[in-house]
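Asks: Sequence first, then the predicted structure:
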Amino acid sequence: MELIPADRFSFRQLTEAYNQTRVDYLVPMPMNEARLREYVYAYDVALAASCVAMRHKTTLGLGMLGLRPQRGWVTRLGVLPSGRRQGIGQTILEALLDAAARHQCREVWLEVIKGNEPAYQLFSKFGFTETRELIVARRAPGTEARRMVDMGVRRVTNLNHEEALILLAQRRERPNWLNEIETMSNLRNLSALLVEMNNGGRGWVTYHAGLLQLTRIVVEVVAGDPAEVTATVLNVLHRLYKRQDAIVENIFEDALWSGYQAAGYFDAFHRIEMMLTL
Ligand SMILES: CC(C)(COP(=O)(O)OP(=O)(O)OC[C@H]1O[C@@H](n2cnc3c(N)ncnc32)[C@H](O)[C@@H]1OP(=O)(O)O)[C@@H](O)C(=O)NCCC(=O)NCCS
């Protein structure tokens, strides 16, 4: 078996390889070429530090490494079903960890879907330990959002991309790789709403509004009851974007989560965030 740097492959080849490793995946997430390109760009995936495992010109698996100052992120790791349990996943992971060490990473992070026992065992074997459990939640479009007056909203301010980034840089909780400021700074066309309530509650939401879907949703409560302000901020957002469904990734099970639920979000699946100190 040979490990070949992923930058020697086209995005089409990488997409095909990735999809083949995920045919039986816990949560179906097929990629297309455009989405993989976006993914690599948004999450600072270094293709030269990522690899594809091949034997006799046949792809066996692949793994990718995101690189940010002193930190690495293992992602897209997968082995074709026919090649599993022969040490290929482990060999790819070793190569990614070597690459992280060569790039002076002090920590390597990753997320694994809760219930993905083979992957969880593999990462545990290499010394990764759990840091947090994260929720991926969705909301269907058209779910009735309450009227502004009934929500006790005093003022809503629309903010642009640059202003959204300023808000995101001030978050109190440590964000996850997928929604931390480095990711957000790689995106275009973020928006934000700053919501002030009659009772002194104040909060904001940043988001990316696509034609059919709202993504990159991050809520922060500045003042007031966390669940109430979160629900209000989200209800304001969904009154503005009635047609779009919404996805929020990698949030925590805290007081804000009850606000998400009150605004119509439901739990889609959980991820376990893990970390290894090099
Ligand atoms: C997770 C995955 C990459 C493992 O690849 P693999 O080549 O089968 O794994 P390896 O043969 O190198 O096994 C290495 C270690 O992983 C763990 N492991 C792998 N498969 C396992 C299974 N079915 N059950 C329990 N542990 C397992 C074991 O700790 C194993 O070490 P051991 O052989 O000493 O027991 C593979 O199952 C896969 O591609 N799954 C679908 C995609 C996926 O889940 N990717 C990870 C996303 S976070």
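Replies: Arrived safely, thanks for sending.
Asks: Now stretch 65-79: buried residues?
Replies: Of the residues in stretch 65-79, those scored as buried under the neighbour-count criterion (16 or more other Cβ atoms under 10 Å) are 65-68, 71-79. Heads up, the C-betas are built off the backbone N, CA and C, glycines and all.
Asks: So which of those residues sit within strands?
Replies: 65-68, 71-79 (DSSP state E).
Asks: biggest separation within those residues, which pair?
Replies: By the measure Cβ to Cβ, these have their two most distant members at R68 and V79, which lie 25.9 Å apart.
Asks: show me what contacts the closest residue in space to D254 that isn't next to it in sequence?
Replies: Leaving aside its sequence neighbours, D254 sits nearest to P226 (Cβ to Cβ, 6 or more residues apart in numbering; 7.5 Å). Applying Cβ atoms under 8 Å, 6 or more residues apart in numbering, one finds that P226 lies in contact with 254-256, 259.
Asks: are any of these buried, and which?
Replies: Judged by 16+ other Cβ under 10 Å, buried ones among those: 256, 259.
Asks: Tell me the one of the contacts of P226 nearest the ligand?
Replies: Distance to the ligand across these (Cβ to the nearest ligand atom) is lowest for D254, with 23.9 Å.
Asks: The residue of the stretch 151-278 of the chain found nearest the ligand: helix or strand, and which one exactly?
Replies: Across the stretch 151-278 of the chain, the shortest distance to the ligand (Cβ to the nearest ligand atom) belongs to R271, at 8.6 Å. R271 is part of strand 266-277 when elements are defined by DSSP states H and E.
Asks: now swap in R243 and tell me
Replies: In this structure, R243 sits in neither a helix nor a strand according to DSSP H and E.
Asks: And D150, by the same measure?
Replies: helix 148-151.
Asks: Mind giving me the packing neighbours of the strand holding R271?
Replies: strand 107-113, helix 117-125, strand 129-139, strand 245-251 (3 or more Cβ pairs under 8 Å, 6 or more residues apart in numbering; DSSP states H and E).
Asks: any idea how far the ligand is from I92?
Replies: 7 Å (Cβ to the nearest ligand atom, to the nearest Å).
Asks: With Y41 instead?
Replies: Computed with Cβ to the nearest ligand atom, the distance linking Y41 and the ligand is 20 Å.
Asks: domains of the protein?
Replies: Following the assignment in automatic domain parsing, the chain carries domains at 2-105, 137-269.
Asks: Take those domains and lay them out in a markdown table including mean pLDDT.
Replies: Formatted as a markdown table, the entries for the domains of the chain read as follows, by pLDDT from 0 to 100:
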| stretch | mean pLDDT |
| --- | --- |
| domain 2-105 | 95 |
| domain 137-269 | 94 |
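Asks: In terms of helix, strand or coil, where does the nearest residue to A263 once chain neighbours are set aside fall?
Replies: Counting by Cβ to Cβ, 6+ apart, A263 lies nearest to L234, which is 3.7 Å off, once chain neighbours are set aside. Reducing the assignment at L234 to three states with DSSP: H, G, I helix; E, B strand; the rest coil gives helix.
Asks: Based on its surroundings, how many neighbours for L234?
Replies: Neighbourhood size, L234 [other Cβ atoms under 10 Å]: 29.
Asks: Was I right to think it contacts Q261?
Replies: No - the pair formed by L234 and Q261 falls short of the contact definition of Cβ atoms under 8 Å, at 10.1 Å.
Asks: before we move on, back to that, would TSV of the helices and strands packed on strand 266-277 with distance to P30 and mean neighbour count be doable?
Replies: Output for those, formatted as TSV (distance: least, Cβ to Cβ, whole Å; neighbours: other Cβ atoms under 10 Å):
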stretch	distance to P30	mean neighbour count
strand 107-113	15	21
helix 117-125	18	15
strand 129-139	16	17
strand 245-251	16	20
